[in-house]
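Q: Predicted coordinates and the sequence they were generated for:
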Number of protein chains: 2
Amino acid sequence: MQKGIATDFKPAETSSPLVRKLGALCLLSEEEIDFLEGLQNNTLKVDRGLDFIEEGGDLRTTFIVIEGWAARYCLLSDGRRQILSYALPGDILGLHVNFRATATYSASALTPLKLAAVDPRRIIEISQKFPIIASGLSWCTAREYAILGDQAIRLGRLSARQRLAHLFLELWHRLNLLKSNNDNWLEIPMTQRDLADTLGMSLVHTNRSLKSLRDVDLISVTKNQVRLNDIKALIELSEFNAEHLREFRV
Amino acid sequence: MQKGIATDFKPAETSSPLVRKLGALCLLSEEEIDFLEGLQNNTLKVDRGLDFIEEGGDLRTTFIVIEGWAARYCLLSDGRRQILSYALPGDILGLHVNFRATATYSASALTPLKLAAVDPRRIIEISQKFPIIASGLSWCTAREYAILGDQAIRLGRLSARQRLAHLFLELWHRLNLLKSNNDNWLEIPMTQRDLADTLGMSLVHTNRSLKSLRDVDLISVTKNQVRLNDIKALIELSEFNAEHLREFRV
DNA sequence: GCCTGACATTAACTTATGTTATACTATGCA
DNA sequence: TGCATAGTATAACATAAGTTAATGTCAGGC
């Protein structure tokens, strides 16, 4: 990626996922990297299964995921749950919290989670002092929005099998931005219950549809791992559009 | 709303919808209003039914809706369509376009449309010069995101009747921010085909479900108008959460 | 004053998906 | 070692929603 220009600034493997994510997109200066790392100094841990954002509650903090997976979701009165999206390492929750906001969703830890808690005022600071980073965050926002749009497409217009394939492809592509996956194994912490609540289906039908994808050998499944056996066929089946995750070049 | 402090700055009825929308949220200075109005000088018209953003195409412009309704949508290969959201007067499309982006959705005019075309660099300018407006745009972003989340809830977890009621309530609330609706009439330009493509249902089932809402007298329908006969019952039926549209106070 | 086309309505039939229930398999833990 | 629990698997049955097709209604063009 543009070797010879500023290779020194290429984020190290040890960088935070956010820096790796933005660094994969545009060249970051050493100063910018330092700032982004400093932003994530104030960390906290969340146990698996615990909520760290509650719908209807006050939200005054922006969270950056450093390690682990989280799920954004809403509950209905009868207990039905709709997972809206997943937050992976490098993802930001509450980027547009203005001083004080009411959370419109809950968020819980799908795995043990390490988060950075950021004062939203520091986000505002960014757009004044670090235009490149600001532009990167803007890209993050547009990307989250596109991801949620894809979720709507899955829920509105795809069949059960298509939904599963489409979701797996999305997660696979998102993870590839963080670390280059050599193989097609996808490590996911979600149970079938979680998948069902993500894809708007019943648990039983999720299980059935997974089996039917296994039966035609499109995927293989082991404990918390999915192997995408034929990416091309999966893309075709599910009408997945990888462009939605790419979004922009400076 | 905080009478006596700066009532002179209260946006006039003749203001642009964006100014009315942000003005309903926080006090804008005369300078801020002037800037926002100036932003919308470069207008264009779009005929009903025409696309002004095309998925996959280059997007270098931010659009502000001044008059009319637009729909954001994606098409699948077999022609199925999923409408993701509606843009009403005062709404912004492509707020997070960074210099050059690929559109992840198409947008078309549901009515004759008047748009302002804004250079995205002017948006960046805002965060440096007008913190209040920047904060307002941030609120718009969070709100759009919450609206899309609600769309996912509709598609994922609500029945056909619930989806319809939920959508009507959303649109009713959003319109109320622009002009105080005295009655419960909702003027919508969408056909049943559009509603079906929004709610992930077939046209026939949309019609059936509308009828069933009419039959229990929850709504009345005439040409392009829906009357919400019992807001409270509709909210209860559809699990609508108006908080999602409110979002923050400075 | 009659076509035409876009939109709405309704019926009959099919299918994908939901529901309920039971069994199976790990894993942690007392 | 055995029990409890969370997760997975499958079958049998119920139902919401899709599909196809026919009919109705209204507005605009000629």
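A: Cool, the structure landed. Nothing here was measured: the structure is a model prediction, and the numbers come from that model.

Q: quick one: average pLDDT of the biggest helix by length in chain A?
A: Longest among the helix segments of chain A by residue count, using DSSP state H, is helix A:131-157. Throughout helix A:131-157, pLDDT has a mean value of 96.

Q: Name the residues of chain A found near DNA strand D, please.
A: In this structure, chain A approaches DNA strand D at residues A:191, A:192, A:193, A:203, A:204, A:207, A:208, A:210, A:211, A:221, judged by Cβ under 7 Å from any atom of the strand. Yep, even glycine has a C-beta here, placed from its N, CA and C like the rest.

Q: and those as a markdown table, adding neighbour count?
A: Listed next are the residues of chain A next to DNA strand D as a markdown table, based on neighbours: other Cβ atoms under 10 Å in any protein chain shown:
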| residue | neighbour count |
| --- | --- |
| A:191 | 13 |
| A:192 | 15 |
| A:193 | 11 |
| A:203 | 14 |
| A:204 | 10 |
| A:207 | 14 |
| A:208 | 13 |
| A:210 | 18 |
| A:211 | 10 |
| A:221 | 15 |
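
Q: Relative to DNA strand C, which of those residues is nearest.
A: For DNA strand C, the nearest member of these is residue A:204. The distance, counting by Cβ to the nearest atom of the strand, is 3.5 Å.

Q: anything in the helix or strand harbouring the closest one near DNA strand C?
A: Taking DSSP states H and E as the definition, one finds residue A:204 inside helix A:203-215. Yes. Contact check for helix A:203-215 against DNA strand C, using Cβ under 7 Å from any atom of the strand: residues in range are A:203, A:204, A:205, A:209.

Q: I'd like the next helix or strand past that helix.
A: The first helix or strand that comes after helix A:203-215 along the chain, using DSSP H and E, is strand A:219-222.

Q: list the buried ones in that following strand?
A: Residues of strand A:219-222 classed as buried by neighbour count (16 or more other Cβ atoms under 10 Å in any protein chain shown): residue A:219.

Q: Any idea how many residues pack against residue A:168?
A: Taking other Cβ atoms under 10 Å in any protein chain shown as the criterion, the count of residues near residue A:168 is 24.

Q: ditto for the one 5 residues further on
A: Using other Cβ under 10 Å, residue A:173 has 16 neighbouring residues.

Q: Wait, it touches residue A:244, no?
A: No. Counting by Cβ atoms under 8 Å, no contact exists between residue A:173 and residue A:244, whose distance comes to 9.2 Å.

Q: For chain A, what lies in contact range of DNA strand C?
A: Residues of chain A lying close to DNA strand C by Cβ under 7 Å from any atom of the strand are A:159, A:160, A:161, A:200, A:201, A:202, A:203, A:204, A:205, A:209, A:223.

Q: Need the worst-confidence member of those residues.
A: When those are sorted by pLDDT, the bottom entry is residue A:223 at 85.

Q: and that one, how many neighbours?
A: Using other Cβ under 10 Å as the criterion, residue A:223 is surrounded by 4 other residues.

Q: What are the phi and psi values at it?
A: Backbone geometry at residue A:223, expressed as degrees, to the nearest 10, gives phi -40, psi 110.

Q: domain ranges for chain A?
A: Under the assignment named as automatic domain parsing, the residue ranges that make up the domains of chain A are A:7-143, A:156-246.

Q: and the end-to-end length of the shortest one?
A: Using Cα to Cα, to the nearest Å, the span of domain A:156-246 from its first residue to its last is 22 Å.

Q: The residue nearest to residue A:37 when sequence neighbours are not counted: what's it in contact with?
A: The shortest distance from residue A:37 to any residue that is not its chain neighbour, by Cβ to Cβ, 6 or more residues apart in numbering or on different chains, is 5.9 Å, and that residue is residue A:16. Remark: with contacts taken as Cβ atoms under 8 Å, 6 or more residues apart in numbering or on different chains, residue A:16 is in contact with A:36, A:37, A:40, A:64, A:66, A:90.

Q: Name the residues linked to the nearest residue to the third one once chain neighbours are set aside by a beta bridge.
A: The reference is to residue A:40. What sits nearest to residue A:40 in space, not counting adjacent residues and going by Cβ to Cβ, 6+ apart, is residue A:116, at 3.7 Å. In this structure, residue A:116 has the following beta-bridge partners (DSSP bridges): residue A:43, residue A:64.

Q: my read: residue A:116 touches residue A:42, true?
A: Yes. Taking contact to mean Cβ under 8 Å, the distance of 6.2 Å between residue A:116 and residue A:42 places them in contact.

Q: Settle it for me: which of these two has more neighbours?
A: The residue with more neighbours, out of residue A:116 and residue A:42, is residue A:116; 20 against 13, by other Cβ under 10 Å.

Q: So for the more buried one, what's the pLDDT?
A: In this model, residue A:116 is scored at 98, pLDDT.

Q: Pick out the most distant pair among the contacts of residue A:16.
A: Between all members of the contacts of residue A:16, the longest pairwise span (Cβ to Cβ) is found for A:37 and A:90 and amounts to 12.7 Å.

Q: Which one's more surrounded, the two?
A: When residue A:37 is set against residue A:90 and neighbours are counted by other Cβ under 10 Å, the residue ahead is residue A:90, at 21 against 15.

Q: For the residue lying closest to that one once chain neighbours are set aside, give me its contacts.
A: Distance criterion Cβ to Cβ, 6+ apart; nearest residue to residue A:90, sequence neighbours excluded, is residue A:17 at 3.4 Å. Contacts here follow Cβ under 8 Å, 6+ apart; on that basis residue A:17 touches A:65, A:66, A:88, A:89, A:90, A:178.
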